[in-house]
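> Build the 3D model from these lines:
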Amino acid sequence: MDMALDHLKGWIGREESASELLTPVLTERFLATFDRDGESGPGAEAPLLLHHALCHPVAATSELGPDGHPHRGGFLPPVTLPRRMWAGGEIAFHSAPRVGEIVTRNSVIDDVRIKQGRSGTLCFVTVTHDFSADGRAVLTERQDIVYREAPAAGATPTAPAPAPEGAMRREIVPSPELLFRYSALTFNSHRIHYDLPYVTGEEGYPGLVVHGPLQAALLVQYATDLRGAAPTRFRFRGLSPAFSGSPLVLHATEEDGEMTLWSAAPGGPVAMEATAQW
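Residues are numbered from 1 along each chain as shown. I've put the predicted structure just below:
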């Protein structure tokens, strides 16, 4: 494997910035994608996690790799491991961005590290994003990106334990249409989310993979609905993939003002776990 940690660590401290107008149309499309009601006119508060649809780097179609991701290098380090996923993160909400404001994302790479896992070599890249709206701080997000090896041919992974049942539950069906719309909103061309022949034939998954941040949005929306107020801090971590075409259950329990949430297919393992605080 041609990957020198010292070279990759040279990306630590690298910065990137982008700005975008938060429009009524984007807000309407985000709400429609999740089948949620809400205001979208000028001055309305943006829905939670709409910032994931803002300020994305723009890569030409000719600059995409075979998996649909932009070619390695640039702001993120050129990790040569073939599989890349958004493993989780933590968000501190300061104030809601509002429709009609200019939202700015300032990003910095905080850490690059390599470790050995059960599935082989893993490379973790930690990025911190500070979002502001018309100069006012709106949120700070730590994003954990993991790169890993492709599974060996014929390998049979150990089946994780089934997820527990939460005190509160909501069932949804992550349809291909939902995944497609979310990919379009977030300018995400990763083929595992919309290209069934690719994801089953090339990457060996049984179906289209539900985006990590899409699951995070579903969980934070559920937490907000249950509590009647948006959290001030939200942490999430992906544990196993979830797939389109079958139900996905959102679970929740609450204790001492903190809500623990997780997603799982019926009888399946935890896909994403999260914690919301107020």
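
> Quick check: chain neighbours aside, which residue is closest to the spatially most central residue of the chain?
A centroid search over the chain (Cα atoms, centre = their mean) returns Pro213, at 2.4 Å, as the residue closest to the centre. Spatial nearest neighbour of Pro213, chain neighbours left out: His52 (5.0 Å); criterion: Cβ to Cβ, 6 or more residues apart in numbering. Where you see a C-beta, it was placed from the backbone N, CA and C, and this is true even at glycine.

> again with Phe180
Per Cβ to Cβ, 6+ apart, closest to Phe180 is Tyr194, 5.3 Å.

> returning to what we had before: helix/strand/coil for the residue nearest to Pro213?
helix (DSSP: H, G, I helix; E, B strand; the rest coil).

> cool, and His7?
helix.

> what's the spacing between it and Arg84?
18 Å (Cβ to Cβ, to the nearest Å).

> Give me the more crowded residue out of those two.
Arg84 (19 against 12; other Cβ atoms under 10 Å).

> Run through who's touching the strand or helix carrying that one.
Per DSSP states H and E: Arg84 is located in strand 83-93. Strand 83-93 is touched from outside by 48-49, 67, 69, 124, 138-150, 203, 211-213, 216, 230-238, 272, with contacts defined as Cβ atoms under 8 Å, 6 or more residues apart in numbering.

> Weed out the non-buried ones from those.
48-49, 67, 69, 124, 138-141, 143-148, 203, 211-213, 216, 230-231, 234-238, 272 (16 or more other Cβ atoms under 10 Å).

> Just the helices from the stretch 101-250 of the chain, written as ranges.
Ranges of helices in the stretch 101-250 of the chain, per DSSP state H, counting those that start in this stretch, are 176-185, 196-201, 212-227.

> Check which residues of the longest one are buried.
This means helix 212-227. Under 16+ other Cβ under 10 Å, the buried positions of helix 212-227 are 212-224, 226.

> Please identify the pairing partners of the lengthiest strand in the chain and their relative orientation?
Identified as the longest strand of the chain according to DSSP state E is strand 102-117. If you go by DSSP bridges, strand 102-117 pairs up with strand 15-21 (antiparallel), strand 120-133 (antiparallel).

> any chance you could map the strands in the stretch 151-278 of the chain?
168-172, 233-238, 248-255, 258-264, 270-277 (DSSP state E, counting those that start in this stretch).

> Can you name every helix or strand that the second one contacts?
For strand 233-238, the contact count by 3 or more Cβ pairs under 8 Å, 6 or more residues apart in numbering; DSSP states H and E identifies strand 83-93, helix 212-227, strand 270-277 as packing neighbours.

> between the second one and strand 83-93, how big is the angle?
Angle, helix 212-227 to strand 83-93, by axes from the mean of the first three to the mean of the last three Cα atoms, to 10 degrees: 30 degrees.

> now do the last one
On the basis of the same axes, to 10 degrees, strand 270-277 is oriented at 20 degrees to strand 83-93.

> which helices and strands sit right next to strand 270-277?
Packing partners of strand 270-277 (3+ Cβ pairs under 8 Å, 6+ apart): helix 212-227, strand 233-238, strand 258-264.
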